[in-house]
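Student: need a 3D model of the following:
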Amino acid sequence: MAKWTPKHEAPEPLEGPVVATITGGTILWFVLFLVQLPFYGWFDERGHTWWVWTCLAGAGLGLIGIWYVRKRDAALKRAAREKSAFGG
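Tutor: Got it, this is the predicted structure:
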């Protein structure tokens with residue numbers, strides 16, 4: 001079987017408002033957790049408490065994501081400044 005080789009280079013990844021997107025998603029997960037919290041008994045009776053805890057886990061992981069993408073964004077901006085300072 002012959003090895004597949006691409007006929008053209010892959011495009012550059014799209015950059016967008018990554019920090020805002022992750023922050024919005026984190027807020028959404030936390031709001032969903034807060035909305036479900038008063039109905040915890042209902043979820044418990046039906047064996048669906050994992051829905052509540054999934055939202056809390058999404059919010060917690062989102063906080064890690066916010067930290068990560070802010071550091072990444074700062075590193076990308078720093079690299080762009082250094083590249084332009086050295087005439088690259």
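Student: what's around Glu45, how many residues?
Tutor: By the measure other CB atoms under 10 Å, the count of residues near Glu45 is 9. All C-beta spots, glycine's among them, are computed from the backbone N, C-alpha and C.
Student: ditto for Thr21
Tutor: 12.
Student: that one and Leu14, how far apart?
Tutor: In this structure, Thr21 and Leu14 are separated by 12 Å, where distance is defined by CB to CB, to the nearest Å.
Student: just say helix, strand or coil for Lys3.
Tutor: Reducing the assignment at Lys3 to three states with DSSP: H, G, I helix; E, B strand; the rest coil gives coil.
Student: I'd say Trp51 and Asp44 touch.
Tutor: No - with contact defined as CB atoms under 8 Å, Trp51 does not reach Asp44; the gap is 10.6 Å.
Student: okay, now Arg70: neighbour count?
Tutor: A total of 14 residues lie near Arg70 under the criterion other CB under 10 Å.
Student: residues touching it, list them.
Tutor: Residues near Arg70 by CB atoms under 8 Å, 6 or more residues apart in numbering: Val19.
Student: just the element for the most centrally placed residue in the chain, please.
Tutor: The centre of the chain sits closest to Ile22, judged by CA atoms, centre = their mean, with a distance of 4.3 Å. Secondary structure assignment for Ile22, by DSSP states H and E: helix 18-36.
Student: contact partners of that helix?
Tutor: Contacting residues not belonging to helix 18-36 are listed as 43, 51-52, 55-56, 58-59, 62-63, 65-66, 69-70, 72-73 [CB under 8 Å, 6+ apart].
Student: mark which of the residues you listed are buried, thanks.
Tutor: Judged by neighbour count, with 16 or more other CB atoms under 10 Å as the criterion, the buried members of the contacts of helix 18-36 are Phe43, Val52, Cys55, Leu56, Gly58, Ala59, Gly62, Gly65, Ile66, Val69.
Student: what about the fourth one, distance to Lys3?
Tutor: Per CB to CB, Leu56 is found 46 Å from Lys3.
Student: so the longest helix along the chain versus helix 18-36, what angle?
Tutor: In the chain, taking DSSP state H as the definition, the longest helix is helix 49-85. Inter-element angle recorded for helix 49-85 and helix 18-36: 170 degrees (by axes from the mean of the first three to the mean of the last three CA atoms, to 10 degrees).
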